[in-house]
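*Asks:* Everything below, folded, please.
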Amino acid sequence: MNSIGYNDYIRILPELVLTFFGILVMLIDPLLGRGSRKGLGILSLTGSFLAMAAGFYQINFHGPAWFGMVQVDSFSIFFHILIPCISAICILASLEYLDQQNIHSGEYYGLILFGTAGMVLMTSAVELVLIFIALEISSISTYILAGYRRSSAAGTESSIKYFLLGSFATAFFLYGVAMIFGATGSTSIPEIYKALNGATSGALVYIAVALMLIGLGFKVAFAPFHVWTPDVYEGAPAPVVALMSTGPKAAAFAVLLRVLFATAVPNDWIWLIWIAAALSMTLGNFGALIQNNVKRMLAYSSIAHAGYILVAFAAGREIGMAAAIFYTASYAAMNVGAFAVVSHFGGTGERYIDIEDYAGLGKRSPLLAFTLTIFLLSLIGIPLTGGFFAKYYVFNAALHSNLVWLTIIGVVNSAVAAYYYLRLIVMMYMREATVDAPPERVSPSMALALVLAAIGTIYLGVLPGYVLDSAHHGAQALKAGPFSKTVQPANNANAAPVQTLK
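*Replies:* Okay, here's the model as predicted:
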């Protein structure tokens, strides 16, 4: 058995950085007196940025680690950079929010870092038991964060619902892992791939993958495993919802890609993914149409966007995988930004979360309204935003796989979604302000969070080339699997190594 070396530690460097700073926050917090914990927030922000830097550093350290339980490649590195970036913006939004809600507890930031470490580990783990452990690390942190507004009954309800349903979902995933072990004699994805490659999948394999799909479907919140989403999003703190709706979803989609394309023939699952995608888009968008609460509206919207990503899953092949990876990044930028605005605008106790509360915002705070408009237009899929190219690549991948009807359903749902997003824009610019209007002054930390999210959204809509190339490299690495040789892309000798089949 090979010994643990320097490269093994480098290949889990983002997780080590996040864990170190999380422990540091937890140790320092009891030593501080009562009052604001912005200092711990800045410390946590530093940890998130260093974890991103560690992800970039891993570009030259592709390969397996820790006895084959972890695989660092272009696919995992993409998420090693994306997920800490999401956490950094959520921490920035939280600096103002916690003081606004009179919450002075540094463990909040530690939980974000620990949860992020679990999400990052999920994307590079190629051992199902390790994936389960990482999933639990992520889930336990978010269960607690969802109920962090202890004085709010809705917050407590949110946490309990999320915990109970999440526990059931995790049990499904664990049963699936046990069954795949019974069918193949291993829980290592590379070994499972070897056992099933070229062989006919038995009934036990299909049941196992179905159970794992149910468990991950809860985390992703696609239909019919979406029922928890509106209630949990409504009761949880807005910055936590920004994290929950993007980070765990990105990590779960990464695991889902590895599991589906390594443990089963994708063609066997197209019909199941097809139905889930159509249901998610339709139920999500039509559910959002009747919502007056902005957080619930965005919750249903997140269900619909999970459906769009599943369209890329159904397309399969490299083009579909690349589209799913790119969509995940685009959705993260625009959704984190939208919830950051909701976080600021909600005020003490999150009183201002109805659509009517946004009336006249275009006159009272033009820059805040303009920023929210960018995110909403991107969620619709308007050109010059990341959402446009994300949907374009997804539907293009679906058409290349002859999924014409699924593409039509997606396009029709995008048109339906435009109504409720535009409704909020109309409210901001074409309605008079209410008398009891929330304050519009934006703190420097919140302003930075909004600027970063807006820049990411516009960048992905104007210059998507670099991120799209990274998504394609990740798709190639995923498609090739851990049995491939590492080569340089033909078009760029200095680019990150890309995996290709032997």
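*Asks:* use CA for all of it now, contacts and neighbours both
*Replies:* Fine.
*Asks:* so who does L406 touch?
*Replies:* By Cα atoms under 8 Å, 6 or more residues apart in numbering, the contact list for L406 reads 274, 278, 311, 398.
*Asks:* try it again with 7 Å
*Replies:* Counting by Cα atoms under 7 Å, 6 or more residues apart in numbering, L406 touches A278.
*Asks:* burial measure for I353, as a count.
*Replies:* Number of residues near I353 (other Cα atoms under 10 Å) recorded here: 19.
*Asks:* Against A397, how distant is V311?
*Replies:* 8 Å (Cα to Cα, to the nearest Å).
*Asks:* how about the helices in the stretch 301-450 of the chain?
*Replies:* For the stretch 301-450 of the chain, helices defined by DSSP state H, counting those that start in this stretch occupy the ranges 317-345, 361-364, 366-380, 386-400, 404-430, 444-462.
*Asks:* In terms of secondary structure, what does the second one contact?
*Replies:* This means helix 361-364. With contacts defined as 3 or more Cα pairs under 7 Å, 6 or more residues apart in numbering; DSSP states H and E, helix 361-364 has these neighbours: helix 404-430.
*Asks:* what does the third one give?
*Replies:* Using 3+ Cα pairs under 7 Å, 6+ apart as the contact criterion, the secondary-structure elements in contact with helix 366-380 are helix 317-345, helix 386-400, helix 404-430.
*Asks:* Return the set of buried residues in it.
*Replies:* Neighbour-count burial for helix 366-380 flags 368-380 (criterion: 16 or more other Cα atoms under 10 Å).
*Asks:* circling back: wait, which of the helices of the stretch 301-450 of the chain is closest to G215?
*Replies:* Across these, G215 has its closest neighbour in helix 317-345 (19.1 Å, Cα to Cα).
*Asks:* between that closest one and helix 444-462, how many degrees?
*Replies:* Here helix 317-345 points in a direction 150 degrees away from that of helix 444-462 (axes from the mean of the first three to the mean of the last three Cα atoms, to 10 degrees).
*Asks:* Tell me which other helices or strands the helix or strand where T123 lies touches.
*Replies:* Secondary structure from DSSP states H and E places T123 in helix 107-124. Helix 107-124 sits against helix 13-28, strand 70-72, helix 74-100, helix 128-146, helix 247-263, with contacts defined as 3+ Cα pairs under 7 Å, 6+ apart.
*Asks:* Regarding stretch 240-256, how distant is the last residue from the first?
*Replies:* Terminal residues of stretch 240-256 are spaced 23 Å apart (Cα to Cα).
*Asks:* Please apply the same query to stretch 347-366.
*Replies:* End-to-end span of stretch 347-366 (Cα to Cα): 18 Å.
*Asks:* again, but for stretch 287-303
*Replies:* Start and end residues of stretch 287-303 are separated by 10 Å (Cα to Cα).
*Asks:* any idea of the mean pLDDT for that stretch?
*Replies:* In this model, stretch 287-303 has an average pLDDT of 93.
*Asks:* what comes into contact with that stretch?
*Replies:* Applying Cα under 7 Å, 6+ apart, the contact partners of stretch 287-303 are 221-222, 226, 229-230, 233-234, 245, 280-281, 284-285, 353-355, 420.
*Asks:* Just name the most buried of the helices and strands packed on helix 366-380.
*Replies:* Across the helices and strands packed on helix 366-380, the average number of neighbours (mean count of other Cα atoms under 10 Å) peaks for helix 317-345, which reaches a mean of 27.
*Asks:* Run the chain-centre distance for that helix.
*Replies:* In terms of Cα atoms, centre = their mean, to the nearest Å, the centre of helix 317-345 is found 7 Å from the chain centre.
*Asks:* Output the contacting helices and strands for it.
*Replies:* Other elements packing on helix 317-345 under the criterion 3+ Cα pairs under 7 Å, 6+ apart are helix 74-100, helix 238-244, helix 294-315, helix 366-380, helix 386-400, helix 444-462, helix 465-480.
*Asks:* Please repeat the previous calculation with a cut-off of 8 Å.
*Replies:* helix 74-100, helix 238-244, helix 247-263, helix 294-315, helix 366-380, helix 386-400, helix 444-462, helix 465-480 (3 or more Cα pairs under 8 Å, 6 or more residues apart in numbering; DSSP states H and E).
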